[in-house]
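1. sequence first, predicted coordinates after that:
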Amino acid sequence: MIVVADASFVIGISLCEQWDTLKVLVETLIVADEVWKEVVERGKGKPGEKELRQATFAERQTVSNTSAVTMLMATLDKGEAETLVLATELGVMNVFVDDLRGQKVAQSLGLQAVGVAGFLLFAKKKAKIRAI
């Protein structure tokens, strides 16, 4: 599975200590530039920073349609906006976004959005974790 993830998801999955589960279930984890900046550059020493920086299955990518990002920033933060626009640009249907507003906007764009809780339920159904 290829997914585009927002910072809140990356940080949340790190706080839950489920990075290894993520690595097993996700072939490629794509993060937009703003998400990388938020988690790795501005998040030095905080949850998710080391995991994302060292993840061999994670890719940082740049959004092309900056006007779409600006439009979505009327309701979302820049990282969430870049995540959703990047997913649509790449044709990736699955996004990991924790914020409910972000999930609703993702769904309105035809994307499948789940947060940390949804991912953990998926992992449990796939027998990759015992309990939530």
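-> Structure's in. What do you need?

2. now the strands: where do they sit in this structure?
-> Under the criterion DSSP state E, the chain contains strands at 2-5, 28-32, 58-61, 94-96, 112-114.

3. just send these back as CSV, with mean pLDDT and mean neighbour count too.
-> (Glycine included, C-beta is placed from N, CA and C.) Shown next, in CSV, are the strands of the chain (pLDDT from 0 to 100; neighbours: other C-beta atoms under 10 Å):
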stretch, mean pLDDT, mean neighbour count
strand 2-5, 98, 24
strand 28-32, 98, 22
strand 58-61, 98, 16
strand 94-96, 98, 24
strand 112-114, 97, 20
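
4. for those strands, which one sits closest to Ala127?
-> Closest to Ala127 of those, according to C-beta to C-beta: strand 112-114, at 18.0 Å.

5. please name every helix or strand in contact with the closest one.
-> Under the contact criterion of 3 or more C-beta pairs under 8 Å, 6 or more residues apart in numbering; DSSP states H and E, strand 112-114 touches strand 94-96, helix 100-108.

6. looking at these, which is buried most?
-> Highest mean neighbour count among those (mean count of other C-beta atoms under 10 Å): strand 94-96, with a mean of 24.

7. what's the spacing between it and its chain's center?
-> 6 Å (C-alpha atoms, centre = their mean, to the nearest Å).

8. let's have the chain start at 33 instead
-> With the count now opening at 33, the last piece we talked about shows up as strand 126-128.

9. partners of that strand, with directions?
-> strand 34-37 (parallel), strand 144-146 (parallel) (DSSP bridges).

10. just give the nearest non-adjacent residue to the most centrally placed residue in the chain, would you?
-> With distances taken as C-alpha atoms, centre = their mean, Ala37 lies nearest the centre of the chain, 1.2 Å away. Spatially, and ignoring its direct neighbours in sequence, Ala37 is nearest to Phe128 (4.0 Å; C-beta to C-beta, 6 or more residues apart in numbering).
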